[in-house]
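J.: Here's a sequence, model it:
(2 chains)
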Amino acid sequence: MSTSPRSAAASRPKSIVVEALARVEGEGGLTIKLRGGKVSEVKLRIYEPPRFFEAFLRGRDFREVPDVTARICGICPVAYQMSSIHALEAACGVRVEGSLRALRRLLYCGEWIESHALHVYMLHAPDFLGYESAIHMAKDHAPLVHKALELKKTGNELVALLGGREIHPINAKVGGFYRAPTRSELRPIAEKLERALELSLEAVRFAASLEFPDFEQDYEFVSLRHPDEYPLNEGRIVSSRGLDIPVADYEEHFVEEHVPYANALHSVHKGQGAFHVGPLARYSLNFDRLPPLAQEAARSAGLGAVCRNPFKSIVVRAVELVFACHEALRIIDGYEPPKAPALAVAPRAGTGHGASEAPRGLLYHRYAIDASGLVLSAKIVPPTAQNQKTIENDLWHFVPMLTGLTKEEMTWKCEQAIRNYDPCISCATHFLKLELREE
Amino acid sequence: MTRRLVIGIGNPERGDDGAGREVARRLAAWSDCGFETYECGGEATSLMDAWAGASEVVLVDACRGAGTRGSVHSFGPEDALRLTRLRHASTHSLGVAAAIGLARALGSLPKRLVIHAIEAGATGDGAGLSPEVDRGVQEVVNLVMQDFGCEPCHETTAGHPVTRR
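T.: Numbering: from 1, shown residues only, chains lettered A, B, ... in the order given. Here you go, the predicted structure:
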């Protein structure tokens, strides 16, 4: 990375305040304190008020849950729908297979495409190219922005086709869908996905051309892993340190802790500490599950089977774009409409667990329902809550690498380090204020 | 030929958030005014796609924090402060303000863009506008008709209002 060394006295920051960190979803702040040039405190402060979703799901009919949880996030509503649906079906003893399962996976591909295209080009690329925002970047890099918009539009259209609308979809339900598409309805989107696949391969080449700081961390990666598939909506929870558990055991191994300076809970792996969820974790634990085209794209971008540099998450997201377009095309190619758009699901008293891979990482849900299907309790652990401690840890290690930089340059780099995680603070509990202080 | 478009933004299932779309619906009934109407949720790529090729565009959306319930705020794309406030009223990360900013940078902003924001009240579950916002909607309908040189008259043909141009 460029470090433009300056004299120590001139460069040493005393305090840096960014009123609003853009290009993240949600409101929060970060304070970094330096003492004698060393980091003495890093606090990711989530001051967005608690949203109480888990509380107001209590007493609702289990069939209402996916439409409520879809409201948690405008960027990844499918993830919230899918994790809740899987958990509720587990509680009711129902398993959805065949075309309905494939359609869910297809819907999820749409969300990955729209979310990753947005983050790679519009939210993260400006950091690497030195622009305040995608709007500023657009003046000099119009072709990049056009590609981003085209990719995102294809993702939006896929979500709208299967979900009923592009934001907060309404067609997914416990047991399947309210309406399943016909083959001919899927055909036009396949043509657009072919083009999106080309654009995704271009996105990998673009991301690989960027400059990355030499910054690798020994993360414990955590993601889903499936016997045959790159993980989207199903699998066991595995980690790079040997964890391999069914989703139902999540809370035996991971715990959420209150910290006084954040309204979002911090997750830790019991006895291990911070862990890392998201594209880097998925990729590093499931490289062998990627289709050859995506593996080849990753290799030609200079990635190995494991990636520990969080700044290279932009490359990994682009590789996942290739996967999502490829997978969507595969599903459409083999699609046979289901006999019925949904299975009948009768409630029964019990508890169900569900986890799926939101674009930002593992998303865990647990619901207890009574015999009539009313929700007794709900627990939702979003990816950004799981990554908070890891983001703080990254900054502990990254800030000392920045000592030659001015206050403004340091601030910029710290914001970039946070955006490596594509954090969705709204999910975890909208601006991120960054404050850097020297004592 | 000049393509004129009215885009109504919002969610008709969330009370006053449906104000923009209700404007588009009422205007769609005026069949002879030489403009099209379009409804959407406000996502940036959909907006930019919708106004591609249109030279005159009217955007109507609900807003919060700009005045009393039902009050109408009209401005152009250059009004950065109000656009910022408009952004804050959106639930989407890439919404109306981003669409305008990107389109301006990419040179695809319509030649003429007018934004009408209607101050929302309740935006809870369920369709239906509050009486104040309903009056705001009609005010915007009248403003657009006036702006496009269409005057509604009181006669109707086959259930549609007839316009005088």
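
J.: drop to CA atoms for contacts and neighbour counts, all remaining ones
T.: Noted.

J.: Just to check, B:I7 is in contact with B:V58?
T.: Yes: B:I7 lies in contact with B:V58 (Cα atoms under 8 Å); the separation is 6.1 Å.

J.: So which bits of the stretch 151-300 of chain A are right by chain B?
T.: A:152-153, A:167 (Cα under 8 Å from any Cα of the partner chain).

J.: Which residues does the helix or strand containing A:K147 contact?
T.: Element membership of A:K147, judged by DSSP states H and E, is helix A:142-163. Contact with helix A:142-163 is made by A:103, A:106-115, A:117-118, A:121-122, A:134, A:138, A:165-167, A:169-172, A:180-181, A:189, A:192-193, A:196, A:199-200, B:45-46, B:105-106, as judged by Cα atoms under 8 Å, 6 or more residues apart in numbering or on different chains.

J.: and that helix, how far from the chain's centre?
T.: In terms of Cα atoms, centre = their mean, to the nearest Å, the centre of helix A:142-163 is set 17 Å apart from its chain centre.

J.: and that helix, what's its mean pLDDT?
T.: Helix A:142-163 shows a mean pLDDT of 93.

J.: When B:I7 and B:V58 are compared, which one has more neighbours?
T.: B:I7 (25 against 21; other Cα atoms under 10 Å in any protein chain shown).

J.: my guess is the more buried one is in a helix, correct?
T.: No: assignment of B:I7 by DSSP: H, G, I helix; E, B strand; the rest coil gives strand, placing it outside any helix.

J.: Surely B:I9 touches B:A44?
T.: No: assessed by Cα under 8 Å, B:I9 is found out of contact with B:A44, at 11.0 Å.

J.: show me where chain B has helices.
T.: B:19-28, B:44-51, B:80-88, B:96-106, B:131-147 (DSSP state H).

J.: could you give the angle of the longest one to helix B:19-28?
T.: So the one you mean is helix B:131-147. Going by axes from the mean of the first three to the mean of the last three Cα atoms, to 10 degrees, helix B:131-147 is angled at 50 degrees with respect to helix B:19-28.

J.: which regions of chain B lie under the pLDDT threshold?
T.: B:1, B:31, B:80-94, B:152-165 (pLDDT under 70).

J.: Show me the residue at the heart of it, geometrically.
T.: Taking Cα atoms, centre = their mean as the criterion, B:V60 is the residue nearest the geometric centre of chain B, at 1.6 Å.

J.: Next one: that one relative to B:V144, how far apart?
T.: 10 Å (Cα to Cα, to the nearest Å).

J.: Low-confidence bits of chain A, can you list those?
T.: For chain A, the ranges with pLDDT under 70 are A:1-28, A:46-50, A:263-264, A:424-439.

J.: The closest residue to A:I135 other than its chain neighbours - how many residues pack around it?
T.: Excluding its sequence neighbours, the residue lying closest to A:I135 (Cα to Cα, 6 or more residues apart in numbering or on different chains) is B:L102, at 5.1 Å. If you count neighbours by other Cα under 10 Å, B:L102 ends up with 25.

J.: rewinding a little: which member of the residues of the stretch 151-300 of chain A next to chain B is positioned nearest chain B?
T.: A:K153 (6.1 Å; Cα to the nearest Cα).

J.: How many residues are close by the closest one?
T.: Counted with other Cα under 10 Å, the neighbours of A:K153 add up to 25.

J.: What of A:R165?
T.: Using other Cα under 10 Å: A:R165 sits among 17 other residues.
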